[in-house]
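# Sequence and predicted structure, then a few things I'm wondering about:
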Amino acid sequence: MKIPFLASLFIFLLVLGRALKKSTQSMEKEQQSFWQKERSSNSVRKKPLDNLNYLSILLEKLPTTAHLEDSIIRECVEILTALSECKIVNFTGISNTDLKLTYGTANITILTEYDQNYTVLVTTLQKWADKLYALEDIDSARTVLEYAVSVGSDVTQTYLLLAEIYKKQGSRERIDELMTAAGRLTTPSGKIILRKLQETYPKQ
């Protein structure tokens, strides 16, 4: 009885060893590829940024005058007002290496600033919408969330809260549209958002 067991154990260890070796070789190859790409990106010359997909905050389309007596809402409106004077670009899912390869190493600082502005934009929109929803101003919350989706936000709560609002308002077709929007996201969050929406609101 011991011989078959030892033979099975030997085969298992052999297969495991080969798998680990293959995995290690694959990781080493990926690391070499990354560092080669990083070295190449550091020698790319500065390129013009005229063709970037800049976002404009259309304050007139947002409920900026509602509930300003609330400190959280007032803060959100102030942040968005200040951001409306800044350059904003959504680089979510794009690495600094790829940005340097595309636009040049000398542009990485300003590009990072544009991307950080985008992060502030979508997180502030979500904070604003959460507070509006808590105050039971559902229509205003919906407006803010829909705007967040329109600028490509991949904040999970944005989609889940908006879907909840659509459900309450009997707008099932809008939930389907929301799933389509989530499916277009290229970040890892996009797949998570889509799966959660599909699980919570399965098509009938």
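Cool, the structure landed.
# In space, what's closest to the residue most central in space within the chain - neighbours in sequence excluded?
If you average the C-alpha coordinates of the chain and look for the closest C-alpha using Cα atoms, centre = their mean, you land on Asp154, 3.4 Å from that point. With Cβ to Cβ, 6 or more residues apart in numbering as the measure, Ser189 is the residue that lies nearest to Asp154, at 4.2 Å, once sequence neighbours are left out. Using the backbone N, CA and C atoms, a C-beta is placed for each residue, glycine as well.
# unless I'm mixing things up, Tyr54 is touching Asn90, no?
No - counting by Cβ atoms under 8 Å, Tyr54 stays clear of Asn90, with 9.7 Å between them.
# These two: who's more crowded?
When neighbours are counted by other Cβ atoms under 10 Å, Tyr54 and Asn90 differ, and Asn90 comes out ahead with 22 against 13.
# show me the contacts for that one.
Remark: with contacts taken as Cβ atoms under 8 Å, 6 or more residues apart in numbering, Asn90 is in contact with Asn53, Leu55, Asp115, Tyr118, Val151, Gly152.
# how close does the last one get to Pro202?
This means Gly152. Summarising the geometry, the distance separating Gly152 from Pro202, computed by Cβ to Cβ, to the nearest Å, is 25 Å.
# And those two? Which one has more around it.
Ranked by neighbour count (other Cβ under 10 Å), Gly152 and Pro202 place Gly152 first, with 18 against 7.
# pLDDT value on Arg45, please?
On pLDDT, Arg45 comes in at 65.
# Kindly apply the preceding question to Phe10 instead.
What the model reports for Phe10 is a pLDDT of 61.
# Next, the distance between the ends of stretch 55-63.
Using Cα to Cα, to the nearest Å, the end-to-end distance of stretch 55-63 comes to 19 Å.
# in the helix or strand harbouring the residue nearest to Asp154, what counts as buried?
Here Ser189 is covered by helix 188-200, with elements defined by DSSP states H and E. Burial within helix 188-200, assessed by neighbour count using 16 or more other Cβ atoms under 10 Å, is assigned to Ser189, Gly190, Ile193, Leu194, Leu197.
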